[in-house]
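>>> I need the structure of the sequence given here:
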Amino acid sequence: MLTLLRNAEVYDPAPLGKRDLVVAGETLAWIGRDLPPLGRSLVAEEIDLEGRRVIPGLIDGHVHLTGGGGEAGPHTRVPPVALSGLTRGGVTTAVGVLGTDDTVRTPAELVTVARGLIRQGLSAYCHTGGYHIPPATATGSVRLDIVLIDLVLGVGEVAISDHRSSQPTVDELLRVAADAHVGGLMSGKAGIVHLHVGDGEAGLAPVRDGLDRSELPPRVFNPTHVNRKRRLFEEAMGLAERGSTVDITAFPVEEGEDAWRAGEALVRYLDAGLPAERVTVSSDGGGCLPAFDAEGRVTGMEIGSPGAMAATLAALLGSGQPLERVLPAFTGNVARLLQLERKGRLIEGADADLVVLDRQGRVTDVMARGRWHVRAGQPVVRGTFE
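Predicted coordinates for the structure are as follows:
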């Protein structure tokens with residue numbers, strides 16, 4: 001059965017103008033101005049969007065699908081992310097990661113949770129490993145995890161410049177990166193090292209040193225949280241110039257804090273004239289955002305919101321940024337980095353993942369793999385235990 005969406009102002013993410021769309025099963029089957037005649041018996045639903053903007057579903061490249069936290073004891077482990085928590089935020093594809101706890105929480109569990117989300121209509125992937133080196137794996141090898149497990153795209157989030165990391169040497173980091181790179185080549189996947197970058201003074205120096213000392217291409221290294229310190233963000237822009245894709249985190253930033261809000265960071269990056277395709281935005285949804293004292297003990301924490309990407313996008317539009325300028329960082333750039341060919345665009349043959357925005361740029365309706373998950377801002381599909 002077909003779903004017809006009429007009079008949509010389509011962004012692919014480039015603006016295409018007014019278009020009609022035909023969804024067949026999980027696929028965007030047709031997009032254009034003059035809809036061909038269709039037998040009424042084939043059409044299950046027809047919706048007039050009355051000129052509202054339609055964008056590709058958001059791709060969140062950094063979600064703690066199993067929950068993060070645990071740094072202040074077992075009672076501080078964050079619960080798993082709920083399906084509707086993602087979809088209400090316009091996320092139709094989520095990539096799961098492990099953080100500090102890659103001991104009790106495991107890559108095998110992460111793969112299983114991702115499969116559960118797929119069964120419920122979302123698209124989900126994950127990375128193997130976590131903060132520490134040697135990485136936790138399902139098969140005993142980063143390379144084998146990437147090659148043999150369909151949902152595993154790379155390794156991460158491997159921590160550097162952070163007191164919670166395993167304090168890896170450059171050589172140790174390069175060995176993991178080499179395994180990820182070769183695993184990606186063997187499997188046709190991204191094969192990246194998704195790097196958690198902490199507050200440490202070293203910043204991105206381990207990555208720069210690794211690139212200087214090895215033959216690995218810069219695209220293998222994908223640092224995240226690069227807007228957590230303004231100095232770190234300057235380093236990240238230099239790394240993007242070398243060929244890495246850098247990831248901005250949509251976490252809360254207090255007034256006067258030595259950090260950039262995600263929207264501010266994205267605009268600064270684009271205004272600098274750096275390669276527009278080498279920057280992404282993610283949520284850190286379900287992750288613990290702890291504060292530490294001088295002795296490394298937790299003094300407080302917040303929880304990353306799966307809706308942070310949508311909130312950032314709406315804030316950017318509210319500040320006057322053109323949708324076509326900022327949208328790729330939430331959609332097409334992520335799909336390019338992760339080599340998800342059917343994601344991040346509204347073209348014929350792509351997965352039917354799309355989001356409808358209201359006049360203020362807020363998410364109102366979400367379709368994932370051809371099925372409505374959110375209508376008029378309310379979930380119509382919920383997770384099994386929601």
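>>> contacts and neighbour counts: CA atoms only from here.
OK.
>>> what sits closest to residue 337 if chain neighbours are left out?
Excluding the flanking residues, the one nearest residue 337 by CA to CA, 6 or more residues apart in numbering is residue 190, at 6.7 Å.
>>> show me the residues around the one you found that make contact.
With contact set as CA atoms under 8 Å, 6 or more residues apart in numbering, residue 190 has these partners: 153, 154, 181, 184, 337, 338, 339.
>>> residue 184 versus the second one, what's the distance?
Looking back up the chat, that one is residue 154. 7 Å (CA to CA, to the nearest Å).
>>> do the fifth one as well
Noted for residue 337: a distance of 12 Å to residue 184, by CA to CA.
>>> measure the residue nearest to residue 337 to residue 279 for me?
16 Å.
>>> repeat that for residue 203.
18 Å.
>>> for the two, indicate the residue with more neighbours.
With neighbours defined as other CA atoms under 10 Å, residue 203 and residue 279 compare such that residue 279 has more, 25 against 21.
>>> tell me if I'm right that that one and residue 333 touch.
Yes: between residue 279 and residue 333 there is a contact at 6.9 Å, judged by CA atoms under 8 Å.
>>> so for residue 154 and residue 184, which sits in the more crowded spot?
Neighbour totals were compared for residue 154 and residue 184, and residue 154 leads with 31 against 21 (other CA under 10 Å).
>>> can you pull the buried residues of the lengthiest helix in the chain?
Ranked by residue count under DSSP state H, the longest helix found in the chain is helix 170-187. Using 16 or more other CA atoms under 10 Å as the test for burial, helix 170-187 gives 170, 173-174, 176-184, 187.
>>> same question for stretch 154-169.
154-162, 164-168.
>>> would you mind measuring the gap between the ends of that stretch?
20 Å.
>>> neighbouring contacts of that stretch?
By CA under 8 Å, 6+ apart, stretch 154-169 touches 97-100, 126-133, 142, 146, 180, 184, 189-204, 206, 296.
>>> ok, now stretch 12-32?
1-11, 33-35, 51, 55-56, 323-324, 327-328, 331-332, 345-352, 368-371.
>>> mind redoing it with 6 Å?
2-10, 33, 324, 345-346, 348-352, 369-370 (CA atoms under 6 Å, 6 or more residues apart in numbering).
>>> sorry, back to before: the contacts of stretch 154-169 in strands, which ones?
Among the contacts of stretch 154-169, the members falling in strands (DSSP state E) are 126, 127, 128, 193, 194, 195, 196, 197.
>>> residue ranges with poor pLDDT in the protein?
39, 41 (pLDDT under 70).
>>> how about the helices of it, start to end?
Along the chain, counting by DSSP H, helices occupy 83-87, 107-119, 142-148, 170-187, 205-213, 230-242, 262-271, 308-318, 323-326, 332-338.
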